[in-house]
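> coordinates only, sequence not included:
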Ligand SMILES: Cc1ncc(COP(=O)(O)O)c(C=O)c1O
C-alpha cells in the first residue's frame, strides 16, 4: 500500500507503484538516456527527430502539442481522485438501459490478474489457454442461463448485438429487407440501429406501444396479413420493455414463427436465474431464434455507460445447425492438442473479417472479451442460488415501494394491469423535474422520466424506478420517507388492494443448474489461468499491428474510482460533472494530438471508428446533394476490418470497394491509384488508408494522394491503428486527413483484455464537424460541463457515451505523458523497432521484398529465406505451415509470437513498442537469432514446437469440424499446467532455453 498525502486529499492506492518497474518511469518509457543514445548509435542516427526525417516536412507539427505539462505520479493520483469526487453518488433508483447490481468481489480479483487483463486476442491458443478457458466458462454459463447452445464471446453492447442479429437474420431468412422493431425497446438503442442501417438495404417497420397497457399493441400485429409480412425478415422485441413491463413473449415468438419471420428476443441475463423470468428457449411453442442483450451488469458497475457486454446467441442443435455460420463474433470451441490433451481454441474464424474481408459476417474485431471473462467468473461465484437471491432482493424492494405508494394520494403505479418484475413506473401529480429536484435535495436520484416514451402520454408525469440487490432496507426506507414527505396519506377506505404476483407464464419453470464456487476456490483457479498467458508486463510482446505496450496500473485504479465506476450514464448532467470533465478533456486533447478540429469520443472500437468515418463521409456527400458517391478505395494490404466496415456501411455493389495496389516500396502504387481516380473519381466517396501502413512503412505520398482524392470530391479516412509511430510528430490535418480513429487499446494504453473491450476516438476535419455522432461536451462559462448534439448529427453508435471507463484510462495515461511525453513515446517506439530491425535483418529476409533500405516505423516484417523454407520442408513442414510453426518457437522462449501471416502470408510482423529497456530488446534479439539457428540446425525442433506451453499444438481443424461450444458446468474445467512457466523462462539464459528446446524435441 502506498499512501499519497498532498494538500487536503489523502489518497490510498491499493498497490505500491515502486514494486512495478515500469509504473514510475517517466512517460512509461523504461530505456534510459544512455540506452536511447546507444540504440540511436546502432541505427546510425544522431537524435530522435532523425527518425522522422523521411516523412515530408509539410505534415510535421511545427510547434509543441497543445497539451498540458505532464504530472508526476502523485499529482496525477490526486487530480484523478478530485475529478471523481464530482459525481453525485447518492442513493439511486436509476437503472433503465443499464441497471446496477452488486459487483461480486471475485470481479475485482480477476480484473487485477494482469496476464488475463493485458494479453491479446487468443490467436496463439497454446499460450492463451487462460483467456480461452475464461471465455469457455462465459459461453457455458450463459448457455445454461438462456438455454441457447451457441453464445459468442461478446459484441460491443446490446444495441450492437441487436443490429448484428438483424443483419444475421436477414442473411439467413432471405425474405426481404424489412425488419419489425418493437417501439417498446429502448429509444436510444433504436437510434443506434437506425444510424447503423443508414444507406443499407434495411427498412424498419415499427410496432407501436399501447398507451393504456404500456405494452406493444398486439392487436396491431394480429391485423397484419400475409402481404404485409412477406418481405419481413426479422422481428426484434424485448422480454422486459423500456417501461419495465413484461411483454407477452409467447405471443410475439409464435407470431414471428407463424409468419416465417426470425425472432430476435432482447433479454436481460441477470433476470433469468431461479425465481426469475423464463429463458428464451421457452418463448412460445419453440423459443426465439436469436437472443441479444446487455450482460455488462453481470460483471461490473455502470461505468457511466461503458464498456458494455453485448450478449448474442443462436440455436445450434439437431434441429438447427445452419444459423451459426452466418452469425457475427468470436466463439471458443473445445479441442484436443496433438497429444490428445483437452484444450480450447477459437473456432469458426473463417466467417470473420480478418479472413473474409468484405464478405465477413461482421466488421467486429476487438470485442468485449474481458467483460466476458469477468461475467463468467461472477456467475461461477454467484451460481444459480446467488442469482435467485439477488433477484429476490430486487423484487422485495419493489413490492415494498408499491405497498407504500398505495397509501399515498397523488402517486400511483402506472400500467397497473400489466406485469412488471424488478422495475416500476410511478405516475404522480407533480411534474417530473419538480419531483427530481425535491428528490435531489433529499439525496435521492429517483429514476428516469419516461413520459415521452409513449406517444399521447407526453403530458403524464411518469418516472421509472429500477430495483436490484443494491437496494437494501435503508435505500427503500429513504425513498418511502421521501414519498411520505411529498404526498399526503389516503384515507383507509380509499386504498385499493391490488397486489399482483407475477403470472407464472412469465417465469422460469425448470431449475437452473449453475454451480457456485467459493471465493478461495475461484481466486486460486483464476490465478492458475493467468499463469497460462503472458503479459506485456513481463517483457517484449512482439505482436505486430497490436501495440502491446505497458498498461499502467494507475489507469485501472482510476477507472475503478467510485465516482467513475458507479456513475450512471442517465444521471442528470449536474450529478456527473466528473465523468463529463474527463470526456471534455479527452475530446479536446485529441484535437491537439491529431491536429484536427473535431472529435467524437463515442465509438467503442477501431472497427466502429471506421464505420463512423464512412457514415460521416456519406452524410457529408448527401448533404451536398451528391447521391452518386458509392465507391471507397482501400489498399489491398489493409486490415480486414476496413473492407468489412465498407460492406457494413453499404458499399455492397460489385465495384463499391476498389482495391488499391502496392508498389515495390510497399506503399500505395501511384500509377494504379491515378488510374482508379480516372475511372471512379466522380463516384468516389472516400479512401481508407492505414498510415503507417500494415508493413510499418509511412505512406510518404499520403499528402498528394489526399490532395487527389479531395480534387476528385472524395474524402480521406486514415486508419490510425498505428498512431503509436507518429502521435505528436505528424499533424494529420496538414496530411489531408478528414477522419481518423485512434485505437485506445493500442497507442493509448488500454489493456487488451484478451481481445477487448477496445475503444476508439475519431477526429475529423472541419467539413465533418456538424455531422459528428453522439454528444459534444462543452465547458460552460461557470466551469461546469454539459453536452449537446451537433446540428446535422449522423446519429448514435452507442446508447450513451461510449466506453467511458476506457476514456478514464486514456486520460490518466495522458496526464502522465503531457505535451512532451506524446512525441517521446512515438519516437522511442520507432527507435525500438528500428533497433530490432537493424539487428535482425542480417538473419532474416524482410518483407515487402526489396524494401530493406526504406525506413521502418514502429514495426517490421521478417520472413524466412528459401533455404530456411527448404530446411523445414525436409522435416515435413510445408511452406504454408512454416511461418505459423516458427511463431510457436517464440512461445518456447517465453515470448508471445509476432503476428503471423498478416499482412504478408509469409511474414512475422514484430512491434516492440516503447515500453522496454535496451537489455530487454537485446534478449528478444538473442531469442530470434536462436530461432534462426534452430531452423538451420535443428528443424525437427520447429516441427514439435511449442515445447513448454501447457499444451502441444492445437488441432484446430478437428475443433472446427466437430464443434463443441458449451457443456454443462458441473466443476471448473480441468487445466494443464505449463511445462515450463514463462516466469521461469524469463529467468533463464536464452542459450539455455535453446538447448532445452533441442533436448525436448529429441524426447
Ligand atoms: C490496422 C488495423 N485497423 C483496424 C483494426 C481494428 O481495430 P479494433 O480491433 O479496435 O476494432 C486493427 C486491429 O487490430 C488494426 O490493426
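Looks like it arrived, so ask away. All values derive from a computational prediction rather than experimental measurement.
> Tell me the helix or strand right after the lowest-mean-pLDDT helix or strand in the chain.
When each helix and strand of the chain is scored by mean pLDDT, DSSP states H and E, strand 2-6 comes last, with a mean of 47. Next along the chain after strand 2-6, taking DSSP states H and E as the criterion, comes strand 9-13.
> tell me what the helix or strand encompassing residue 179 is packed against?
Here residue 179 sits within strand 178-182, counting by DSSP H and E. Packing partners of strand 178-182 (3 or more C-beta pairs under 8 Å, 6 or more residues apart in numbering; DSSP states H and E): helix 158-173, strand 203-207, strand 232-238. Where you see a C-beta, it was placed from the backbone N, CA and C, and this is true even at glycine.
> quick one: average confidence on the longest one?
If I follow you right, that is helix 158-173. Per-residue pLDDT over helix 158-173 has a mean of 96.
> Do any residues in that helix lie close to the ligand?
No - counting by C-beta under 6 Å from any ligand atom, the ligand is not contacted by helix 158-173; separation bottoms out at 11.7 Å.
> Just name whatever secondary elements that helix is in contact with.
Looks like helix 158-173 contacts strand 178-182, helix 187-197, strand 232-238, strand 262-267, strand 290-294, strand 310-314 (3+ C-beta pairs under 8 Å, 6+ apart).
> ditto for the second one
In this structure, strand 203-207 packs against strand 178-182, helix 187-197, strand 232-238, with contacts taken as 3+ C-beta pairs under 8 Å, 6+ apart.
> ok, then the element right after it?
Following strand 203-207 toward the C-terminus (DSSP H and E): helix 218-222.
> could you say what helices and strands that next one packs with?
For helix 218-222, the packing partners by 3+ C-beta pairs under 8 Å, 6+ apart are helix 249-258.
> how far does the helix it packs on sit from the chain's center?
Remark: helix 249-258 is offset 32 Å from the chain centroid, using C-alpha atoms, centre = their mean, to the nearest Å.
> Tell me which residue in the stretch 401-550 of the chain sits closest to the ligand.
residue 545 (4.1 Å; C-beta to the nearest ligand atom).
> now that residue, nearest residue through space, not along the chain?
The shortest distance from residue 545 to any non-neighbouring residue, by C-beta to C-beta, 6 or more residues apart in numbering, is to residue 899 (5.5 Å).
> does that neighbour really touch residue 544, like I thought?
Yes - when contacts are counted by C-beta atoms under 8 Å, residue 899 is listed as touching residue 544 (4.1 Å).
> More neighbours: these two, which one.
Per other C-beta atoms under 10 Å, whichever of residue 899 and residue 544 has more neighbours is residue 544, with 28 against 24.
> so which strand or helix has the nearest residue to residue 767 once chain neighbours are set aside?
Closest residue to residue 767 apart from its sequence neighbours, by C-beta to C-beta, 6+ apart: residue 620 at 6.0 Å. Residue 620 is part of helix 606-623 when elements are defined by DSSP H and E.
> closest to the ligand out of the helices and strands packed on helix 158-173?
Closest among the helices and strands packed on helix 158-173, using C-beta to the nearest ligand atom: strand 310-314, at 13.6 Å.
> could you redo the helices and strands packed on strand 203-207 as CSV and give each row mean neighbour count, distance to residue 125 and mean pLDDT?
Listed next are the helices and strands packed on strand 203-207 as CSV, based on neighbours: other C-beta atoms under 10 Å; distance: least, C-beta to C-beta, whole Å; pLDDT from 0 to 100:
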stretch, mean neighbour count, distance to residue 125, mean pLDDT
strand 178-182, 23, 37, 98
helix 187-197, 20, 32, 98
strand 232-238, 26, 34, 98
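> Is it possible to get the ones you listed out as CSV so that each row also shows distance to the ligand?
Shown next, in CSV, are the helices and strands packed on strand 203-207 (distance: least, C-beta to the nearest ligand atom, whole Å):
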stretch, distance to the ligand
strand 178-182, 25
helix 187-197, 15
strand 232-238, 24
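> Switch these over to JSON lines; also include distance to residue 379.
Conversion of the helices and strands packed on strand 203-207 to JSON lines gives the following (distance: least, C-beta to C-beta, whole Å):
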{"stretch": "strand 178-182", "distance to residue 379": "28"}
{"stretch": "helix 187-197", "distance to residue 379": "24"}
{"stretch": "strand 232-238", "distance to residue 379": "22"}
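> Of the ones you listed, which is nearest residue 663?
helix 187-197 (35.8 Å; C-beta to C-beta).
> The closest one - contacts with which helices or strands?
So helix 187-197, by 3+ C-beta pairs under 8 Å, 6+ apart, packs with helix 158-173, strand 203-207.
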